[in-house]
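Participant: got a sequence here, can you build the structure:
(one chain, ligands or ions: 2)
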Amino acid sequence: MLDRVESLMQSYVSELSNQYVEELFCKLPNGKRLRAKLVLKIAGTGEEALRLAAIIEMIHAASLLHDDVIDDADTRRGVASLNATEGSKQAVMMGDILYSKGFEELVAFERGLAAKVASAVTQLSIGEMMDVELSKKFNTDSEAYMQMIYQKTAALIEATAAASAMLAGKESRIYAIYGRNLGIAFQIIDDILDITQSSEQLGKPAMHDFEEGKCTLPYIYLYEAIDESGKARLKSLHAKKLSEDEKGWILAAMQETGALRKAYLYAKELGDEAVSLMESEGENSLADIVTAMIERNF
Ligand code: FPP
Ligand code: MG
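Facilitator: Ligands and ions are numbered 1, 2, ... in the order given. Have a look, this model is predicted:
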C-alpha cells in the first residue's frame, strides 16, 4: 500500500507541471515513511487515508529539506542532500513547494482535521527554531531538550495519529498520546544512534550533533554523571570538529557512566507506554511499530 502513497505524492508533484521540480523530487530518498505507515494502520487504505498519508509525507520531506540546510548536512540517508547537489537556495524552495502543495491538498479535508495537521507544522517549525537556539550554548537542561524534541519531531507524529483516528472514527485522544510517545522516543533513539553508530550505518557523519552544538539527552546525562575535569573536557569539545580520539573518549565515557543506557531506558519507557496503550485497543501492528523503532540500529 505504501507504493500507492508514493505514486500519489508523485502525481501531486506532476500536477505542478514543472520538470525541474519533478526531477528534484525523484532525487529525494524515500526514508522510512513512518508517518504514512501510521496513517494507513490507523485509518485503513481508503482514498482519503492515502491522500492524508501522501500530504503528511510531503510536509515531512519539506521539513527535512529545510533541516539539512539549517544543519549544514551534506548527506541524507546515505545520498548527497539536495542542498549539497543543488545549493541551499533550491533546497529551501523545493521544501516550500512540497509544503505548500501539501497544504493545498490538506484544505480539502474536514476543518478540524486540517487544523490539527496545520498547527503541528507550526509546532515543528518552532521546535526547529528552539533546536537552533539551544545549540548556540552548551545546554544541560533536559527539560528544554524534551520540550524541543516534542515540538520538532513528536508534534507532527502526534497529529498524524490523531488525524488518522479522526478519519477512521476512532478516539483521537488515545492515538494522540500514542503518537506523542512514539515521536519523543523516536527522536531520543535518533540522537543515541548519532553517537553509537558508524557514519556508514547512519548515512551521515557520526557525532555530528555535538559538533553542530546539539547537546542531546546522552550528553546531558553524561555531563550530570562525570567529575569536574570531565565536565570541563566535555564543554571544551562542544560545537567543534572532533578528532577520532575525542569521539572515542566521549563514547567510552557515555558507556562507563551509563549515560547512553539511561537515555535508551527513557525512550523505552515512553515506548512501552505506547505499546500497552495500543495493545489495550487491540492495535497490535501499531504496538509493533514502536518496538521496531526502539530496537532499530539506523
Ligand atoms: C530533523 O531533526 C528535523 C525535524 C524533525 C523538523 C524540521 C523542521 C523544520 C526545518 C521546520 C520547517 C518546516 C516545514 C514544513 C518547511 P534532526 O536534525 O535532529 O534529524 P536528522 O538527523 O534526521 O537531520
Ligand atoms: Mg538534521
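Participant: who touches whichever strand or helix holds Leu277?
Facilitator: Element membership of Leu277, judged by DSSP states H and E, is helix 259-280. Contact partners of helix 259-280, identified using CB atoms under 8 Å, 6 or more residues apart in numbering, comprise 174, 177-178, 181-182, 184-185, 188-189, 191-192, 195-196, 216-219, 221-222, 224-225, 253-254, 284, 286-287, 290-291, 293-294. All C-beta spots, glycine's among them, are computed from the backbone N, C-alpha and C.
Participant: name the residues of that helix that come out as buried.
Facilitator: The neighbour-count check on helix 259-280 (16 or more other CB atoms under 10 Å) flags 259-260, 262-264, 266-268, 270-275, 277-278 as buried.
Participant: kindly report the same for stretch 13-23.
Facilitator: For stretch 13-23, by 16+ other CB under 10 Å, it's Val13, Val21.
Participant: could you do stretch 132-150 as well?
Facilitator: So, applying 16+ other CB under 10 Å, buried residues of stretch 132-150: Leu134, Ser135, Phe138, Asn139, Thr140, Ser142, Tyr145, Met146, Met148, Ile149, Tyr150.
Participant: and the closest residue to the fourth one other than its chain neighbours, what does it touch?
Facilitator: Spatial nearest neighbour of Asn139, excluding adjacent residues (CB to CB, 6 or more residues apart in numbering): Cys215 at 4.5 Å. When the contact criterion is CB under 8 Å, 6+ apart, the partners of Cys215 are Leu134, Ser135, Phe138, Asn139, Thr140, Tyr145, Tyr223, His238.
Participant: can you check Asn297 too?
Facilitator: Leu193, Gln197, Gln201.
Participant: closest one of these to ligand 2?
Facilitator: Among these, Leu193 lies closest to ligand 2 (CB to the ion), at 12.6 Å.
Participant: quick check: mean pLDDT across the strand or helix carrying that closest one?
Facilitator: Per DSSP H and E, Leu193 falls inside helix 172-196. Taken as a whole, helix 172-196 has a mean pLDDT of 97.
Participant: buried residues, that helix. List them.
Facilitator: 172, 174-192, 194-196.
Participant: buried ones in stretch 147-166?
Facilitator: 148-166.
Participant: separation between Lys262 and ligand 1?
Facilitator: Look at Lys262 and ligand 1: by CB to the nearest ligand atom, to the nearest Å, they are 19 Å apart.
Participant: what sits against whichever residue of the stretch 51-200 of the chain sits closest to ligand 2?
Facilitator: Nearest residue of the stretch 51-200 of the chain to ligand 2: Asp71, at 3.8 Å (CB to the ion). By CB under 8 Å, 6+ apart, Asp71 lies in contact with His208, Glu212.
Participant: distance of it from Asp194?
Facilitator: 11 Å (CB to CB, to the nearest Å).
Participant: hey, what's in contact with both of the two?
Facilitator: His208.
Participant: report the helix or strand with the lowest average pLDDT across this structure.
Facilitator: Sorting the helices and strands of the chain by mean pLDDT, DSSP states H and E puts helix 199-202 at the bottom, at a mean of 76.
Participant: my guess is Glu224 meets Thr140, correct?
Facilitator: Yes: at 7.4 Å, Glu224 counts as touching Thr140 under the criterion of CB atoms under 8 Å.
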